[in-house]
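Asker: when you get a sec, could you give me coordinates for this:
(one chain, ligands or ions: 1)
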Amino acid sequence: MPTSTPPVIGDEPVLSVRNLRKAYNVGKPDERLAIEDVTFDVAKGEFVCVVGPSGAGKTTLLRCLSGLLRPTSGDVRFEGTPLVSVPDRLSVVFQDYSRSLFPWLTINRNVAVPLKVAGVGKEQREQRIAEVLRAVGLGDVGKNYPWQLSGGMQQRVAIARALAHQPDMLLMDEPFASVDAQTRFDLEDLILEVRAQLDITVVLVTHDIDEAVYLADRVVVLSGAPSTVEEIVQVPLDRPRNQLSTRSSETFGKLRRHLMELVTAHH
Ligand SMILES: Nc1ncnc2c1ncn2[C@@H]1O[C@H](COP(=O)(O)OP(=O)(O)OP(=O)(O)O)[C@@H](O)[C@H]1O
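Answerer: Numbering: from 1, shown residues only. Model (predicted):
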């Protein structure tokens, strides 16, 4: 099977993770090592998925990559700079859209939040909001409130909000886990389209191996906790991808099988 290859030719990686280690409750009786040693790079424009058994530390890793959580040791650099907080050029989308959108704000105002924080003026803000809502297939819901939309539509709003200030990188933690199967396929295709249109770098954590193969250029496979990198698998599937033909191709089947073996062997 294809395995690890150097991800970057020439340019510096957008994200570089070196010997990341994360323990919770250090020095206390309930100290717990979640991540033992994780190293990988993400190149500009690349789509990297992270998979691993339940409890492998996927959410912990993503939080460390976003600057929300400080590693115990090791180094995470975004565009060459060590992370100390969430950088402006990076956006995060979580699984639970119902907790990430502000229920008391209209869709337009939800999407406006990061633009206001970034100091974007009113006129330009309104233009950006209309653009990103159109980009996620939600042209005319701006005056509605989140609770008036379906789960899939709310997650589209969360994605639009994450894209509003034109980040260089999007980090996503199980972003499609709370929607039904058909909506999940639609959202997977949406994120692939958005990625292609905006030339954005994406790191997405999922427990769903098929989803990882369908979306990624490379898949980082974590071992069980405390996690290390089991293997980095290259995904040589053509783009644009298609839910029917890509998923039924022989290469897809082989990759899926290989990843299943890796993940279940270390469960
Ligand atoms: N705030 C915390 N305090 C203490 N331990 C924690 C904390 N958050 C996570 N852990 C522990 O760290 C380990 C990794 O958890 P994490 O949620 O990162 O894994 P995961 O791979 O995302 O899990 P899942 O696939 O079940 O969502 C687990 O053993 C968990 O109990």
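Asker: buried sites along the helix or strand of the chain with the lowest mean pLDDT?
Answerer: Across the helices and strands of the chain, the lowest-confidence element by mean pLDDT, DSSP states H and E is helix 97-100, at a mean of 80. The neighbour-count check on helix 97-100 (16 or more other C-beta atoms under 10 Å) flags 97, 100 as buried. For the C-beta atoms, the positions are set from N, CA and C on the backbone; glycine is no exception.
Asker: got it, and stretch 60-68?
Answerer: 60, 61, 62, 63, 64, 65, 66, 67.
Asker: against residue 214, how distant is the closest residue to residue 187 other than its chain neighbours?
Answerer: Spatial nearest neighbour of residue 187, excluding adjacent residues (C-beta to C-beta, 6 or more residues apart in numbering): residue 176 at 4.9 Å. Separation of residue 176 from residue 214 (C-beta to C-beta, to the nearest Å): 11 Å.
Asker: identify the contacts common to those two.
Answerer: residue 188 (C-beta atoms under 8 Å, 6 or more residues apart in numbering).
Asker: show me what from the stretch 1-150 of the chain comes close to the ligand.
Answerer: By the rule C-beta under 6 Å from any ligand atom, the part of the stretch 1-150 of the chain lying against the ligand is 24, 25, 32, 34, 52, 54, 55, 56, 57, 58, 59, 60.
Asker: among those, which ones are in helices?
Answerer: 58, 59, 60 (DSSP state H).
Asker: just the CA trace of stretch 234-241, in CSV.
Answerer: The C-alpha trace of stretch 234-241 is given here as CSV (Å, rounded to 0.1, in the frame of the first residue of the first chain):
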residue,chain,number,x,y,z
GLN,A,234,-1.4,8.8,0.7
VAL,A,235,-4.8,8.9,-1.1
PRO,A,236,-4.2,8.7,-4.9
LEU,A,237,-7.9,9.2,-5.9
ASP,A,238,-8.7,11.6,-8.7
ARG,A,239,-10.5,14.9,-8.1
PRO,A,240,-13.2,16.1,-8.3
ARG,A,241,-14.5,13.2,-6.3
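Asker: quick check, distance from that stretch to the centre of its chain.
Answerer: A distance of 18 Å separates the centroid of the chain from that of stretch 234-241, by C-alpha atoms, centre = their mean, to the nearest Å.
Asker: this completes my enquiry, with thanks.
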